[in-house]
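Q: have a look at this fold, sequence not included:
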Ligand SMILES: Nc1ncnc2c1ncn2[C@@H]1O[C@H](COP(=O)(O)OP(=O)(O)OP(=O)(O)O)[C@@H](O)[C@H]1O
Ligand SMILES: [Mg+2]
């Protein structure tokens, strides 16, 4: 993208200025660094303003990009808008201004079922399996738009999560929290996505199972899937991600490589001190 080509989000700049909540006082976004990094990225969220209730913006100008093959982490306090940002990428919350692109194509406010067929997998924070269905049926639901892919994709997820294949006839509702998380991640992988969005995959798990989730997430990424993950276990997330974003009050507060954020005194003081204890 040349310096003089407006991004899709910038077309709405005037509208954005009208919508923007100017009083939150958080750190301004470095737009030029974002635009430079976003060029040729697989997923770009550009200056997103979004919310659920008319007149109330939850995201107040969020930027994010993920290059093909990257593992990108999003951390921040409760209520910062992390889940809302993932939902904005996946067409589940109304984007009022700004844009989302996938491989350069505008997908702002495109419906989730279309996005799945375009290569985005989403694992929500809660209620992410069908408890009355077996593991196998859950995975069939993940592949319902392309049932002919089922066998090949089942073999792929079984290579990542062998325990699921062994227990494929077991209802998902009878699984432990960690096992359910594996089913949910596998379901999202059934359509062979180019990018997978994970919302707090380690939440509610024991430390050992949390470790397992981070290891699996890294494996999924190593297998070629771009990963954008929201995490409450901020330090562990920053350890495995290539780059991270700290969200606060619906805005980007800090961004950088996982390693640089982990040792940034301001990030440690404001966001890792208590969050890192998880
Ligand atoms: N469906 C909804 N309708 C209205 N407001 C909502 C809805 N979902 C979330 N919100 C509000 O949006 C804000 C951001 O919520 P969000 O779930 O994105 O935060 P989060 O950073 O994911 O927090 P957590 O770490 O607790 O998961 C909160 O004030 C929340 O109350
Ligand atoms: Mg959340």
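A: Alright, I've got the coordinates. Predicted model only: the values in this text are computed from it and were never measured. Ligands and ions are numbered 1, 2, ... in the order given.

Q: could you check how many residues crowd around residue 60?
A: Burial of residue 60 is recorded as 23 neighbouring residues (other Cβ atoms under 10 Å). C-beta: built from backbone N, CA, C; applies to glycine.

Q: what about the closest residue to it other than its chain neighbours, how many residues nearby?
A: Among residues not flanking residue 60 along the chain, residue 250 sits closest, at 4.2 Å (Cβ to Cβ, 6 or more residues apart in numbering). Taking other Cβ under 10 Å as the criterion, the count of residues near residue 250 is 25.

Q: residue 139 too?
A: By the criterion of other Cβ under 10 Å, residue 139 has 24 neighbours.

Q: next up, the contacts around it.
A: Neighbour list for residue 139: 150, 153-154, 157, 168, 183, 186-187, 190 [criterion: Cβ atoms under 8 Å, 6 or more residues apart in numbering].

Q: picking that back up, need the phi and psi values for the residue nearest to residue 60.
A: phi 70, psi 10 (degrees, to the nearest 10).

Q: ok, of the contacts of residue 139, which come out buried?
A: For the contacts of residue 139, a neighbour count by 16 or more other Cβ atoms under 10 Å gives the buried set as 150, 153-154, 157, 183, 186-187, 190.

Q: nearest to residue 62, of those residues?
A: residue 187 (26.7 Å; Cβ to Cβ).

Q: show me what from this structure comes close to ligand 1.
A: Counting by Cβ under 6 Å from any ligand atom, the residues of the chain lying close to ligand 1 are 52-53, 58, 76, 78-84, 232.

Q: Throw the buried ones among the contacts of residue 139 into JSON lines and include distance to residue 265, thanks.
A: Formatted as JSON lines, the buried ones among the contacts of residue 139 follow (distance: Cβ to Cβ, whole Å):
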{"residue": "150", "distance to residue 265": "50"}
{"residue": "153", "distance to residue 265": "44"}
{"residue": "154", "distance to residue 265": "47"}
{"residue": "157", "distance to residue 265": "41"}
{"residue": "183", "distance to residue 265": "40"}
{"residue": "186", "distance to residue 265": "39"}
{"residue": "187", "distance to residue 265": "40"}
{"residue": "190", "distance to residue 265": "43"}
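
Q: about what we covered before: the residue nearest to residue 60 touches residue 56, doesn't it?
A: No. The pair residue 250 / residue 56 is not scored as a contact, 10.4 Å apart, by Cβ atoms under 8 Å.

Q: which pLDDT value belongs to the nearest residue to residue 238 once chain neighbours are set aside?
A: Leaving aside its sequence neighbours, residue 238 sits nearest to residue 258 (Cβ to Cβ, 6+ apart; 4.2 Å). Per-residue confidence (pLDDT) for residue 258: 95.

Q: returning to what we had before: pull the most distant pair out of the contacts of residue 139.
A: Across the contacts of residue 139 (Cβ to Cβ), the longest gap, 15.0 Å, separates 150 and 183.

Q: could I get the buried ones among the contacts of residue 139 as JSON lines with pLDDT?
A: JSON lines is the format used below for the buried ones among the contacts of residue 139 (pLDDT from 0 to 100):
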{"residue": "150", "pLDDT": "95"}
{"residue": "153", "pLDDT": "94"}
{"residue": "154", "pLDDT": "95"}
{"residue": "157", "pLDDT": "94"}
{"residue": "183", "pLDDT": "95"}
{"residue": "186", "pLDDT": "96"}
{"residue": "187", "pLDDT": "96"}
{"residue": "190", "pLDDT": "95"}
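
Q: could I get those as JSON lines with secondary structure and distance to residue 164?
A: Compiled in JSON lines, these are given as follows (DSSP: H, G, I helix; E, B strand; the rest coil; distance: Cβ to Cβ, whole Å):
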{"residue": "150", "secondary structure": "helix", "distance to residue 164": "14"}
{"residue": "153", "secondary structure": "helix", "distance to residue 164": "12"}
{"residue": "154", "secondary structure": "helix", "distance to residue 164": "9"}
{"residue": "157", "secondary structure": "helix", "distance to residue 164": "7"}
{"residue": "183", "secondary structure": "helix", "distance to residue 164": "6"}
{"residue": "186", "secondary structure": "helix", "distance to residue 164": "6"}
{"residue": "187", "secondary structure": "helix", "distance to residue 164": "10"}
{"residue": "190", "secondary structure": "coil", "distance to residue 164": "12"}
